[in-house]
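Trainee: Show me how the following folds:
(chains A, B, C and D)
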2 protein chains.
Amino acid sequence: MPGPYGKHGGYHGRFRGKGFRMTIPRQVILETLNSTQNYLTADELYMNVHSEYPGIGIATVYRTLNLLEQMDIVNKIDIGDGKARYEIAKQDEDVPHYHQLVCTNCSRIVRYEHFSPEEKELMQKVEKQLEEAYDFKIQRHVVQYYGLCRDCRGLTGR
Amino acid sequence: MPGPYGKHGGYHGRFRGKGFRMTIPRQVILETLNSTQNYLTADELYMNVHSEYPGIGIATVYRTLNLLEQMDIVNKIDIGDGKARYEIAKQDEDVPHYHQLVCTNCSRIVRYEHFSPEEKELMQKVEKQLEEAYDFKIQRHVVQYYGLCRDCRGLTGR
DNA sequence: CGCTTTAATGATAATAATAATCAATTACAC
DNA sequence: GTGTAATTGATTATTATTATCATTAAAGCG
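Mentor: Numbers count the residues shown, from 1 in each chain, chains lettered A, B, ... in the order given. The predicted structure is shown next:
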């Protein structure tokens, strides 16, 4: 069963609409990204894809990730360790937001959603105030909390 | 007049207290950082220091920046362009916070302070909730707004 | 289905930021 | 002043990512 968006989950159409082609490497990369919960570095993605499609080249992975980011199909995040990480963008997200908890020891990343309407509201208010105060047109924002996850604190607490 | 902290602004003592030495290169780097308003990349800092102290090596700049970051004398920020940027940490800041507006076109960075107690309060509340919900010990957070500054939008608005 | 056009690929070299190495230098406690 | 260990500067190494380029392969068309 091909799913609600047709043979390639609607990607084929999105690619063709912008003059791009749907190729085997791109399909495999998209499938791998879609079947992965957590963020992947380019190299992790390369290795995962490689096991299913050994012919893939690392350059294709980088190129495809850049393309997918341009097309808003993936989100790119940066946790300060010099490696970009990617995830499939939620399609129901109007404006992507990037709120994460990042473990400074093991680099585990927990994506969290706004859990209070209050926070969401304030963020929007602050954003508007900033736009006016500094004459900026804000396009997106990043909120990251750096700390230690349970495993990296030792199980005793602290 | 040497200022309230003595010959090297109190840095000498802070270095010695941890077994480090106060050297000429470190002094010049600290002076340069202290006399600069905006964030500097390692390379920009290197060039600024070089004009005053031509013997400096780039490796010393990187090493010193890492040391200063460890000692909480500088803050390091990352705006996603692959180059770290540094500023002298405000001494009156209990916990450093990193809230910036970043122009996606010209990389201009505007540091902003919490301008409403409401925001500060909510951030603290959210932080506490996150710590409980995800069992994280949060150490610091980063809030960045990416967008276009006035100059990069063209002067006509938009 | 075969043809043609041109985007995409894979291998590889090139960049660019930062870290590691190491012999020579220098801060600083005595 | 001296000795010792930290620091430096020059250089090489590393690592993530991008550019190059000849070869391959989508996909619109007949």
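Trainee: Against which helices or strands is the longest helix seen in chain A packed?
Mentor: When chain A is parsed with DSSP state H, its longest helix is helix A:117-134. Where contact means 3 or more Cβ pairs under 8 Å, 6 or more residues apart in numbering or on different chains; DSSP states H and E, helix A:117-134 is packed against strand A:137-148, helix B:117-134, strand B:137-148. In short, each C-beta sits where N, CA and C put it, glycine included.
Trainee: any chance of these in CSV, plus mean neighbour count?
Mentor: Listed next are the helices and strands packed on helix A:117-134 as CSV, based on neighbours: other Cβ atoms under 10 Å in any protein chain shown:
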stretch, mean neighbour count
strand A:137-148, 18
helix B:117-134, 14
strand B:137-148, 18
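Trainee: which one of the ones you listed has the lowest average pLDDT?
Mentor: Lowest mean pLDDT within the helices and strands packed on helix A:117-134: helix B:117-134, at a mean of 88.
Trainee: so how far is it from its chain's centroid?
Mentor: Put simply, helix B:117-134 sits 23 Å off its chain's centre (Cα atoms, centre = their mean, to the nearest Å).
Trainee: got it, and stretch A:120-138?
Mentor: The answer for stretch A:120-138 is 24 Å, by Cα atoms, centre = their mean.
Trainee: Likewise for stretch A:79-88?
Mentor: 8 Å.
Trainee: With stretch A:106-121 instead?
Mentor: Computed by Cα atoms, centre = their mean, the chain-centroid distance of stretch A:106-121 equals 14 Å.
Trainee: what's the weakest-modelled helix or strand in chain A?
Mentor: Ranked by mean pLDDT, DSSP states H and E, the weakest helix or strand in chain A is helix A:117-134, scoring a mean of 88.
Trainee: near chain B, which residues of chain A show up?
Mentor: With Cβ under 8 Å from any Cβ of the partner chain as the criterion, chain A meets chain B at residues A:78, A:80, A:82, A:101, A:103-104, A:110, A:112, A:115-116, A:118-119, A:122, A:126-127, A:129-131, A:133-150, A:153, A:158.
Trainee: restrict these to those near DNA strand D?
Mentor: Among these, the residues within reach of DNA strand D (Cβ under 7 Å from any atom of the strand) are residue A:82.
Trainee: From residue A:58, how far off is the nearest residue to residue A:131 once chain neighbours are set aside?
Mentor: For residue A:131, ignoring the flanking residues on the chain, the nearest one in space by Cβ to Cβ, 6 or more residues apart in numbering or on different chains is residue A:138 at 5.5 Å. Distance, residue A:138 to residue A:58, by Cβ to Cβ, to the nearest Å: 34 Å.
Trainee: How about residue A:49?
Mentor: Counting by Cβ to Cβ, the gap from residue A:49 to residue A:58 is 10 Å.
Trainee: do residue A:145 as well
Mentor: 32 Å.
Trainee: One more: residue A:86?
Mentor: Residue A:86 is 14 Å from residue A:58, by Cβ to Cβ.
Trainee: same check, this time on residue A:139
Mentor: Look at residue A:139 and residue A:58: by Cβ to Cβ, they are 30 Å apart.
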